[in-house]
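>>> just coords:
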């Protein structure tokens, strides 16, 4: 059984990244299944820190991007999701290639969600392990009075 309440379309998700940090870091959504979504990001000068290694902040951007998108796809149209807290353990240094992040749910509650995002290298070795806590918020109805 799938966790998704909205239709996932990889091409549409990638189009929605235009003119955002996601596009700038060249993050590309790649695959999804019934309870996870994945994306890749290059390890190159655009994602390096000054020592020429993958910047931890770039890994966190990939993790939060995946977890936030996944969270929003798990709620109906009356709700939206925003990040509350993220942590990341940087396990392996990288200087080149690509990393792939995969977000899977730990908890899908009414008011909060918790997502595990593992980022691996091209040989499936763990590069970063991240956990994202999400707030689930209800869209406010339009209560304006017209005269």
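The structure has been received and is ready for your questions. From a predicted model like this one, the values you see are computed outputs, not experimental measurements.

>>> where does this protein dip in pLDDT?
Within the chain, the stretches falling below the threshold (pLDDT under 70) are 142-147.

>>> Show me which helix runs longest in this structure.
Ranked by residue count, the top helix of the chain under DSSP state H comes out as helix 56-73.

>>> Please name every helix or strand in contact with that one.
Here helix 56-73 touches helix 21-24, strand 36-43, strand 79-90, strand 97-108, strand 112-120, strand 126-138, going by 3 or more Cβ pairs under 8 Å, 6 or more residues apart in numbering; DSSP states H and E. All C-beta spots, glycine's among them, are computed from the backbone N, C-alpha and C.

>>> in the longest one, what's buried?
Residues of strand 126-138 classed as buried under the neighbour-count rule (16 or more other Cβ atoms under 10 Å) are 127, 128, 129, 130, 131, 132, 133, 134, 136.

>>> Give me the sheet partners of that strand and which way each runs.
Here strand 126-138 has these sheet partners by DSSP bridges: strand 79-90 (antiparallel), strand 112-120 (antiparallel).
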